[in-house]
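sequence below, structure please.
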Amino acid sequence: GMGDDFYARGDFTDNQLNYGIYRRGDPYIEPSTGEVLGLRAEDVGSAKVKAVKDSIATLGATRSVGEIRFKDRLLSREERSLGLASTFYPRAPKDKVAGVVLNVEGGVRNAGAFDVVALNRGDRDGLKAGDTLAIFKEGEMIKDRIADERIRLPDERIGLLMVFYTYEKMSFGLVMEADRQLDIGDLVRNP
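Presented below is the predicted three-dimensional model:
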């Protein structure tokens, strides 16, 4: 935990002193094809290198959100600034986008306003930071008793999100408005 020292083996020759400690999480999977879009890295804490001998480093845990375990991984801390140099404004995407909510950050199944969600669309689909997408509940399948057939009701718009970070195959968005609870599997598309 925080304040404890531990040892790690690896390549510590790049003069990197601060590392994030992560645990491998579940993969993000494209629902329609089964393609792996990425792997979730669960934040466990942070550490600072105290000494290195050969390929073994002594590190001190500077932050922990839980127990640091055997097989946790050290990764360079990614510096991401949302300051003036990376300011973006909400706008509609240039290309047509249709995707789904893959995950709600924080390990829950439902989301509301100001929650972060993972989407199955990213750079390769034309998404950029600042793009806004409408969120929809898929219309239910019901039986039309008069026509004696099954029909799908129209999708219902339930919210709006803004993409704030994209990867090649997926992205993360902040839910800005939510009229109802959002669920994994809800649809996202151009507003």
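
tell me how far residue 177 lies from residue 190.
Going from residue 177 to residue 190 by C-beta to C-beta, to the nearest Å gives 16 Å. For every residue, glycine as well, the C-beta is placed using N, CA and C.

sorry, wrong one. I was asking about residue 140.
Applying C-beta to C-beta, the value for residue 140 to residue 190 is 23 Å.

comparing the two, which residue is more hemmed in?
residue 190 (14 against 10; other C-beta atoms under 10 Å).

need the contact list for that one.
By C-beta atoms under 8 Å, 6 or more residues apart in numbering, the contact list for residue 190 reads 92, 93, 96, 97, 98, 133, 134.

where does residue 123 fall, phi/psi-wise?
Main-chain torsions, residue 123, degrees, to the nearest 10: phi -50, psi -40.

for it, give me its contacts.
So residue 123 contacts 166, 167, 168, 169, 171 (C-beta under 8 Å, 6+ apart).

for the helix or strand hosting residue 136, name the packing helices and strands.
Taking DSSP states H and E as the criterion, residue 136 maps to strand 132-137. When contacts are defined as 3 or more C-beta pairs under 8 Å, 6 or more residues apart in numbering; DSSP states H and E, strand 132-137 sits against strand 156-166, strand 171-178, strand 187-189.

please enumerate residues in contact with the worst-scoring helix or strand of the chain on mean pLDDT?
Taking mean pLDDT, DSSP states H and E as the measure, the chain has strand 110-111 as its least confident helix or strand, at a mean of 88. Strand 110-111 is contacted by residues 101, 104, 117, 175, 178, 181, 182, 183 when judged by C-beta under 8 Å, 6+ apart.
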